[in-house]
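Asks: Need coordinates for the following:
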Amino acid sequence: MASHGERRPSAHQTEHSRLREPRALRSRPGRRRFAGFLLPLVLVPSARAALAVDASDYLLLPTVVQGEREIDLRTGIASAGVMTNAQADYALGVGYGVTAHWFTELAFHYGQRQGSTLQFRDIAWENILQLAEPGEWPLDIGISFEVERSQRSQDQLDVTGGVLLQKEFGAVQANLNILLTHVIEGPEPATTRVQFQSQLKYRYSEPFEFGVQAFNNVSSYRSTWAPYSDQVHRIGPVALGKFKFGRERSLSYNAAFLVGTTDRSPDRTLRFQIEYEF
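Replies: So this is what the prediction gives:
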């Protein structure tokens with residue numbers, strides 16, 4: 001979907017997710033100060049429920065382009081460690097801008113965990129609602145809604161909804177998404193997960209833009225808001241851009257290198273997204 005992950009002014013501008021060692025931040029004051037300095041810049045948190053990291057997570061954008069079709073390919077590779085296993089996640093999505101304010105996409109997610117083979121993980125129906133024309137309000141605001149059916153359990157259904165915020169300051173663009181996931185699994189009590197996505201980028205040129213991106217999960221399986229040590233925080237540099245071709249066709253890319261700041265975060269995550277719009 002228009003870079004449902006960093007979606008650009010196209011259905012989801014593709015700028016719009018699914019190696020490590022024990023980290024003792026107390027013994028690494030340099031990294032702690034570095035993370036504490038960068039997190040506010042990217043408007044803090046972002047990603048999925050702690051202990052359920054998707055290395056291919058991507059930034060959702062609140063913009064929609066009517067009539068635009070897209071094929072979206074995402075991948076992410078995360079490192080291993082004491083509290084996290086090495087993993088690789090992939091997603092293939094097909095989306096369409098139904099109206100000037102509604103974009104919808106069907107995505108298929110695959111994953112591979114350390115010591116296992118690549119497996120089909122789930123199918124998701126994702127939607128973005130753009131509430132106003134870009135620039136019409138002080139903040140560009142969108143609503144995200146997603147229903148995900150897990151392949152691991154026929155009883156599990158994840159319903160995610162949230163608000164997508166975007167603000168431009170000249171050549172600088174800031175994004176913050178606040179997402180809640182309600183996990184329903186058979187007779188088990190439903191749980192709610194809280195996640196954030198954020199980005200601060202500089203539009204150097206359309207083919208090349210750069211900035212800082214963060215994905216944070218502040219939940220755990222035990223509580224909606226977990227202690228910091230049980231949360232997942234990943235932050236790092238991102239490069240993205242868009243190449244336009246004739247007949248309203250374009251190719252967008254989005255690549256980031258994320259560093260974890262807690263013991264439950266992958267130490268390093270390399271994620272890449274490419275999107276063909278036509």
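Asks: Now do the contacts for Leu106.
Replies: For Leu106, the contacting residues are Gly93, Val94, Gly95, Ile123, Ala124, Trp125, Glu126, by Cβ atoms under 8 Å, 6 or more residues apart in numbering. Any C-beta I mention is one placed from the backbone N, CA and C, and that applies to glycine too.
Asks: What subset of these is buried?
Replies: Neighbour counting with 16 or more other Cβ atoms under 10 Å marks Gly93, Gly95, Ala124, Glu126 as buried within these.
Asks: Give the pairing partners of the strand or helix carrying the last one; include direction for each.
Replies: Which is Glu126. When elements are assigned from DSSP states H and E, Glu126 belongs to strand 119-130. The strands that strand 119-130 pairs with in its sheet are strand 102-113 (antiparallel), strand 140-150 (antiparallel) (by DSSP bridges).
Asks: Please convert the contacts of Leu106 to TSV, extending it with distance to Glu148 and pLDDT.
Replies: Listed next are these as TSV, based on distance: Cβ to Cβ, whole Å; pLDDT from 0 to 100:
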residue	distance to Glu148	pLDDT
Gly93	12	98
Val94	16	98
Gly95	15	98
Ile123	7	96
Ala124	4	97
Trp125	8	98
Glu126	9	98
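Asks: Quick check: the two most widely separated of the residues you listed?
Replies: Gly95 and Ile123 (13.8 Å; Cβ to Cβ).
Asks: Low-confidence ranges, this protein, go.
Replies: 1-52, 81-82, 154, 220-223 (pLDDT under 70).
Asks: where along it do the helices fall?
Replies: If you assign secondary structure with DSSP state H, the helices in the chain sit at 29-41.
Asks: Show me the strands in it, by range?
Replies: Per DSSP state E, the chain carries strands over the ranges 69-78, 87-97, 102-113, 119-130, 140-150, 156-169, 172-185, 191-205, 208-217, 232-245, 249-260, 268-277.
Asks: Distance to Ala226 for these - can I get that in JSON lines?
Replies: Formatted as JSON lines, those follow (distance: least, Cβ to Cβ, whole Å):
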{"stretch": "strand 69-78", "distance to Ala226": "19"}
{"stretch": "strand 87-97", "distance to Ala226": "20"}
{"stretch": "strand 102-113", "distance to Ala226": "22"}
{"stretch": "strand 119-130", "distance to Ala226": "23"}
{"stretch": "strand 140-150", "distance to Ala226": "21"}
{"stretch": "strand 156-169", "distance to Ala226": "18"}
{"stretch": "strand 172-185", "distance to Ala226": "14"}
{"stretch": "strand 191-205", "distance to Ala226": "9"}
{"stretch": "strand 208-217", "distance to Ala226": "8"}
{"stretch": "strand 232-245", "distance to Ala226": "9"}
{"stretch": "strand 249-260", "distance to Ala226": "15"}
{"stretch": "strand 268-277", "distance to Ala226": "20"}
